[in-house]
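1. take a look and give me a structure for this.
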Amino acid sequence: MRKLQIVLQMLLGLVFLIFGMNKFTGFITLPPLNDVANNFMMSLGSSGYMFPTIGILEVVCGASLLLNRYVTFSLLLLVPITFNILGFHLALDQNGLIISVVLTLIHGYLIFDRRDKYKSLFVN
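-> Below is the predicted model of the structure:
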């Protein structure tokens, strides 16, 4: 079981590291979006701070997962990003839905696997 967790952690870290770096360099050409999804992405981009903030978080947390450092904290920081990826594909662009569901399941599994480390967050 431990090997599965390591593989999934490395996979999740690699995905976030690559797509986080892509926000700064644009080395991956993403498929065209429908009008509604494109308008949403353009408004995020025009804010001037959303993509750099998300990109930095993805790069730092992705590297953290790959280096096996601060994994519990990194998984927690990536939760809003993962849920927004899933929400984006559920509501605006169904083309990437399967990948976003798999990403969410992997992330959820890794958090569930470390659930004992999060217990103190739910104490009065």
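
2. any weak-confidence spans in the protein?
-> 1 (pLDDT under 70).

3. center of it, which residue is that?
-> Most central in the chain under C-alpha atoms, centre = their mean is Thr82, positioned 4.2 Å from the mean C-alpha point.

4. and that residue, which of the three is it?
-> Classification of Thr82 using DSSP: H, G, I helix; E, B strand; the rest coil returns helix.

5. what's the spacing between it and Phe19?
-> 12 Å (C-beta to C-beta, to the nearest Å). C-betas here are computed from N, CA, C, even on glycine.

6. which is the next helix or strand following the helix or strand encompassing Met10?
-> In this assignment (DSSP states H and E), Met10 forms part of helix 2-25. Sequence-wise, the next helix or strand downstream of helix 2-25 (DSSP H and E) is helix 35-46.

7. how far off helix 2-25 does that next one point, in degrees?
-> 70 degrees (axes from the mean of the first three to the mean of the last three C-alpha atoms, to 10 degrees).

8. tell me the buried residues in helix 35-46?
-> Applying a neighbour-count criterion of 16 or more other C-beta atoms under 10 Å, the buried positions in helix 35-46 are Ala37, Met41.

9. what is whichever helix or strand comes after it packed up against?
-> Later in the chain than helix 35-46, the nearest helix or strand by DSSP H and E is helix 50-67. The helices and strands touching helix 50-67, judged by 3 or more C-beta pairs under 8 Å, 6 or more residues apart in numbering; DSSP states H and E, are helix 2-25, helix 35-46, helix 71-91.
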